[in-house]
Every structure is written in structure tokens, then in C-alpha cells.
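Visitor: With the input below, show me the fold.
(one chain, ligands or ions: 2)
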Amino acid sequence: MYTTEFLDIPPLTGASGTVHLPGSKSISNRVLLLAALSEGVTTISDLLDSDDTRVMLQALRQLDCGVEPLANGQLRIQGLGGQLRIKQTDLFLGNAGTAMRPLSAALGLLASTQGAQFELSGVPRMHERPIGDLVEALRQLGCPVSYLGNDGFPPLRLGDGLIHPLMLDAPIRVRGDVSSQFLTALLLALPLVATEQDVVIEVVGELISRPYIDITLKLLGKFGLHIREEGASRFVIPAGSRYRSPGEIAVEGDASSASYFIALGALAPPTAIANGITIEGVGLASIQGDIRFVEAARLMGAEITGEANRLHIRRGAWPLKAVDLDCNHIPDAAMTLAVMALYADGTTTLRNIASWRVKETDRIAAMANEGRKLGATIEEGPDFIRITPPPNPESWRAASIHTYDDHRVAMCFSLAAFNPAGLPVRIEDPKCVAKTFPDYFEALFQVCETAPQRIPVICVDGPTASGKGTLASEIADRLGYHLLDSGALYRLVGLAADKKGLSTDDQTLKEPAQARRLGELAAAMNVRFEGHQTYLDGQDVSDALRTESAGMAASRVSAIPQVRAALLQLQHGFRRLPGLVADGRDMGTVIFPGAPLKVFLTASAEQRAQRRYKQLISKGNAANIDSLLADLVARDLRDSSRTHAPLKPAEDALQLDNSALDVEQSVKQVLGWWQSQSAFPGN
Ligand SMILES: Nc1ncnc2c1ncn2[C@@H]1O[C@H](COP(=O)(O)OP(=O)(O)OP(=O)(O)O)[C@@H](O)[C@H]1O
Ligand SMILES: Nc1ccn([C@H]2C[C@H](O)[C@@H](COP(=O)(O)O)O2)c(=O)n1
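Guide: Ligands and ions are numbered 1, 2, ... in the order given. Model (predicted):
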């Protein structure tokens, strides 16, 4: 997951390949609650691991349900069988509506019938999301519920520690036109108390987001509950209801998350490797309402085929076709249509989306504000949004997208990187995707491509111990970029030669046959980088690489042209989306001569020797400052005086002497340079 302040997505030019979706958020949190309320043990597979499921799981743990992660990634839940084990606790539910609403209903009923008291709260935005209609329904039943902040909104206190008989004779009336989660919450909770008599729910007003109710009814069926529907607005929970665990249950891939990759397939040109996007984990047999996004995407021109659990998408009509659509049936996925509309042949109107206003943020306002930044003309109303794309490529603008702590805003606008103007897109606070799809951007970059020269590279070259590695790694972390420690490659050649018994002393290296052998060795090296570990022929050589003797050997072999040539492609291979920070001696002069930022980092030899001395001592290695100083001066001389790719600043490099700077000051300086020459200098 990208935890950076922002993520700059370079302009993208094509996409193809297969995406495996994380589990559905709606199904995951419903299944967790049903398993917790049931009798028996439920083993759940493919559960979504995200902020929203984490808060639900934490709540279940606090309620003393057995929650046991299994080695194979499954989760085992020991159900409460409707009997509270904990009668007083405070639950924090973040911004998870799928946890707040159903837990309020279930705990409200259980607190009243078993004499308990719970307080439920969330993040500030959760305290702005309405819950009054659900509270009214619980109060009709006789549950004591009080508001701890503003009336109509969480936080809530459920129960007062005393037993209250419930009034189940009259139908329980609940509004259906604010959020379908209120009805879902009652459908999930009322079976706990429908033991002696039928319990009836009557929906008042038009029921929005009906597909989410269908998910609820289908999952209730899996846990042994069959609700009778009488007409469009009456649901009867039969007397004698009892939750029974199905034993095992698998969570489908998230159909709303699929919408971004369906849109991607519809708008991205194919790559040289393949045509189209395949989505695994959700397909045409999905129980999720957002699978109907497929129909909407087809209307806009996408070519989509599929099987029960898989979808294949290709670009069809291009530009996409503008549409005028009622989106009540796909409220979440419809946001993706708003971004597809930026690539359409006219004005698109998405109607009946009032529920967007009370989601993680006011989504109508958010989509309108951010879409306008890109150059689109956008009109918004209480329950609609109307999008006219920028009239021509020149009208597109590079935008820094504010994401409002809303995962869907972030994921939607990533697709703006396919703009015809070839502009990058900045996504602020990219970690907000953790709510439903923590690895969304990784999945996106896996299937997207762009011309290598469009992938930004920051080069950090300089003499030994100047702090290149430290600086490069910090910059890469802050920007979410890949890291190339090119010195490590030369160090690996030195080590590999040593393992093979090939001498790397100065004299032997002068022999043409030895130079050829080392070139072949470098080309055939079996290396693997995993996080901070480096493996040579499967063996962890991370520590061996960092010794001073490995540095000296690297310096010697690096003067051989055959070795440098053998490592060229490997280094170019590090230039992957979304960007790269590369440290070495010739990053800016030879390997990435077109890089948009080149830094030549220096410090006085004395400073560098001091730093190296401290570094070695802190790792428990013996060190002598005078010999370190002599070695690094010798190494610098060799590296800068060799014929091929000598150590020297590129003509367009910015020089940074960090003798008097600490690491953070150096990082700030380089990030400042980067920001000022980016497409978003004001952000
Ligand atoms: N600006 C700085 N101020 C103080 N110490 C620094 C600074 N930059 C790096 N250091 C420290 O100096 C030591 C050497 O830094 P680093 O390993 O990053 O250098 P390098 O240039 O990559 O070296 P080499 O080329 O030999 O791999 C480290 O212990 C690091 O923490
Ligand atoms: N791009 C590079 C990187 C490194 N080298 C050589 C010269 C260095 O002395 C040696 C070890 O590098 P370090 O790990 O200390 O950065 O490798 C090079 O020639 N070109």
C-alpha cells in the first residue's frame, strides 16, 4: 500500500493483463457479523483485509467472539449464538458504515433483551453520517438509544444495562430512501429476537440501493434465515428464527472494486503483450448489485464477456459514448462512470445518486470539484451530476486530486492518467484506498504501461559515503518510487567472482580473458531483491555486500566495460511505474541521461570518513578512521579516473554538498527541487 503524502501517476498509454480482486467489503462485513451472531464455528475464506473489516473484527474481539486467523489466510469465528458474553464496552468503528449500522441494530436489540450497554463511535466524518432513521426504528421496538453528540448521528449509547421487553407486535417502520444500510441492519439484527413470533419490517419511502438488500437476503439464506417478502416494502422474519453457521463460506471479489478495472479495460489501448483486462474473483454470477456496472460500461462502449467468477474487458467504442443513466442500482460503482465520462463523446448525466451526498464524503461535490480541476465542465444537483469532458487535449490540466479520505475518489481519478494530453495525475493521500482495496495502485501499475521515458527517474550520484543510498532510499519512500542501488550490482559481481574463484585484483583484471569472464559472470548472475535483503544464487548476501572489501572489489570490477554493459539492461529494468530513484556513479551520465532530476551529492572526504566510521562501529564492526579515509580517497580516484562511465556530475546535475546538512535537510532540499519542477508546483 502507498502510505506517501501523495502519489504522482505518470501519463499512462496502455493496459492489459489479469487482476485478482480483494474480497467484497459489503459481503465481508455482513459475513463477519452473521458468523459472530450464529451458533457454531464459521470458517471464512477470501475475506477483505481493509480498514472497514479491521474495525469490525476489532469490535467482534471486544465482544469476546473467538476470532482466529488460520495459516492459509482463512479466518475462524466462534459465534455468540445470540448470547452476549460482554455486557459493557465502547466500540470505535472508524468510518465503516457497514460496521456502524448493523452493529447498532444488533447490539441495540441484544443490550435491551440481555441488560447490557454499549457505546459506538467513529471518526469525525462518521459522526456526520445520518443514523436517525435506524435509531427511530430501534426506539419503536423499545430499545433505549441515546445520542452522545448531535441528534440523528453517531456516537450512540445503546441500552442502559437493564432489561427492556421489546414491542414486536406492530410492524417496524424504517425509511428506505436515505440509506439501504438501515434496512440491512434490521434484517441482520431482528432474527435474534424473532423467536416466538413473526417480526415484520415495513419500508417507508422508496427503497434505494435495493441490490444491497439482495446481498443481505442471500447471505441470511446461507446462515439459515429465509425472509418472506410481501410486496415491495414488507419483509417478514419468521417466528423461530435462529442463526446457524454454514460451517464454511467464501467471500466474492468486490464488484465495486471491479468497476475501476472494467473502466480501465474500456478506456486503455491494448499493449504489445495482450489486449484487454481479465478480472478474477467476481463475475457474471455475482450476488453483488454493483456487478450491473457491467451493463453501464457496455452502454458506454466497453466490450465485456465473462463467466461466473471472471470478467474480460476490451476497449470497444472509442471515444466512449456519453450516457444519461439512472444509477440508483449501482450507487458506488457509478462514481467510476463519472471518470469514464471524461473520455466520452459528449455530456454524460448520472441521475438518482442522492445517496452520494452522505457517503464517506459528499461524493457529488467531490467528483465535481476534482473533475473540474482536470478541465471538465461539471454541473451538480441534489441527486445528479452532469459531466462534459474537456473539449480537446489542450484543455486537459495536470491536477492534484484531493481525495477527501474517500477510497473511491482516489481510485476513480487514477484513471485520469490516460488523458490524451499526456499529463500526470497527483493523487493526494493515496492510503485512503485501504478502506476497500489496500493494494489498488500496485494492482493498477501491474497491468498498466507507459513509454519508459515517461516514468520519472531521480538520479543520485556521488562519491562513496556521501549519503547517496540514505538519501535515495528516503526520497523513494516519500514518493512511493522504486529504488535502484546500482552499487549493489557491482558489489554482487565482486562477490560472485569471489565465489567462483575468479580473481578481481588489479593485475588480473588487465587480462582481456578475465575481463570477458567477468562480463559473462555479470550477465548470468542469479540475483533477487526482496525488501532490504539481497540474494545471490538463493543465498542471503545482504551483510556481505556492505563490507568495505566488497566496496573495493566493486570499484575494481566496475572499471571493466563488459561488466558495465552486462548490467545495463538490468538497471533499465528498474524503471517501473510509478517512478524510480537510482543511486550510483553514472546514473545521470550514462544509465538515465534523460532523467528529469539529477543530483550530484558530495561531502568533504573527512566528513565521509567520519560517517563511514560511525556506520561501521554502530554495526559492531572494527574500523580505523585513517585507513577509511585513505580507502575512500583511493576509491573515489579509481571511480572518477576510469575510462568508462567515470564518476562525475552530469552537465545538468544539481550539486548538493551535504557536509553541513543532516539527512532530513538533504531530503527536504531534493524534494523541494523535485516539487518545483513537477507538474504540480503549487501543491
Ligand atoms: N546528510 C548526512 N548527514 C549525516 N550523515 C549522513 C548523511 N547522509 C548519510 N549519512 C550517513 O552516512 C553513512 C553513509 O551513507 P550512505 O551509505 O548512504 O552513503 P553512500 O553514498 O550510499 O555510500 P556508498 O557509495 O559507499 O554505498 C550512513 O551511516 C548514513 O546514515
Ligand atoms: N553506478 C555505479 C555504482 C557503483 N559503481 C562502482 C563504484 C563503487 O565504488 C562501487 C560500489 O558502489 P557503492 O555501493 O559504494 O555505491 O561500485 C559504479 O561504477 N557505478
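Visitor: Spell out the residue ranges of the strands in the stretch 501-650 of the chain.
Guide: Secondary structure of the stretch 501-650 of the chain, counting by DSSP state E, counting those that start in this stretch: strands at 527-530, 533-536, 539-540, 580-584, 597-602.
Visitor: Which elements pack onto the shortest one?
Guide: Counting contacts by 3 or more Cβ pairs under 8 Å, 6 or more residues apart in numbering; DSSP states H and E, strand 539-540 is packed against no other helix or strand. For the C-beta atoms, the positions are set from N, CA and C on the backbone; glycine is no exception.
Visitor: Contacts for that strand, please.
Guide: If you take Cβ atoms under 8 Å, 6 or more residues apart in numbering as the criterion, strand 539-540 is touched by Gln533, Thr534.
Visitor: same thing with stretch 628-644?
Guide: Applying Cβ under 8 Å, 6+ apart, the external contacts of stretch 628-644 come out as 463-465, 548, 551-552, 555-556, 558-559, 561, 564, 585, 605-606, 608-609, 612-613, 616, 646-648.
Visitor: restrict these to contacts with ligand 2.
Guide: Applying Cβ under 6 Å from any ligand atom, the subset of these adjacent to ligand 2 comprises Thr464, Gly551, Ser555, Ser558, Arg585.
Visitor: what pLDDT does the second one get?
Guide: This means Gly551. On pLDDT, Gly551 comes in at 92.
Visitor: In this structure it contacts Ala465, no?
Guide: No. Taking contacts as Cβ atoms under 8 Å, Gly551 lies outside contact range of Ala465: 9.2 Å.
Visitor: Gly306 bridge partners, please.
Guide: Counting by DSSP bridges, Gly306 is bridged to Leu311.
Visitor: measure it to Ile279 for me?
Guide: Using Cβ to Cβ, to the nearest Å, Gly306 is found at 8 Å from Ile279.
Visitor: same check, this time on Ala410
Guide: In this view, Ala410 and Ile279 are 19 Å apart by Cβ to Cβ.
Visitor: give the contact list for the closest residue to ligand 1 within the stretch 1-150 of the chain.
Guide: Scanning the stretch 1-150 of the chain for proximity to ligand 1 using Cβ to the nearest ligand atom identifies Thr4 as nearest, at 20.6 Å. Thr4 makes contact with Pro430, Lys431, Asp477, Arg478, Leu479, Gly480 under the criterion Cβ under 8 Å, 6+ apart.
Visitor: Just the pLDDT for the closest residue to ligand 1 within the stretch 451-600 of the chain.
Guide: Proximity to ligand 1, evaluated over the stretch 451-600 of the chain using Cβ to the nearest ligand atom, is greatest for Gly467 at 2.4 Å. What the model reports for Gly467 is a pLDDT of 97.
Visitor: same thing with the one 10 residues further on?
Guide: Asp477 is assigned a pLDDT of 97 by the prediction.
Visitor: Quick check: closest non-adjacent residue to it.
Guide: In space, Asp477 comes closest to Thr4 once its chain neighbours are excluded; the distance is 7.6 Å by Cβ to Cβ, 6 or more residues apart in numbering.
Visitor: three-state assignment of the one you found?
Guide: Put simply, Thr4 is coil when judged by DSSP: H, G, I helix; E, B strand; the rest coil.
Visitor: what's the spacing between the helix or strand hosting Arg426 and its chain's center?
Guide: Secondary structure assignment for Arg426, by DSSP states H and E: strand 425-428. Centroid displacement of strand 425-428 relative to its chain, using Cα atoms, centre = their mean, to the nearest Å, is 13 Å.
Visitor: can you list contacts of the helix or strand that it is followed by?
Guide: Tracing the chain C-terminally past strand 425-428 and defining elements by DSSP H and E, one meets helix 440-447 next. Helix 440-447 has contacts (Cβ under 8 Å, 6+ apart) with 1-2, 7, 9, 15-20, 257, 260-261, 264, 277, 407, 410-411, 414, 427, 430, 433, 437, 480, 576-578.
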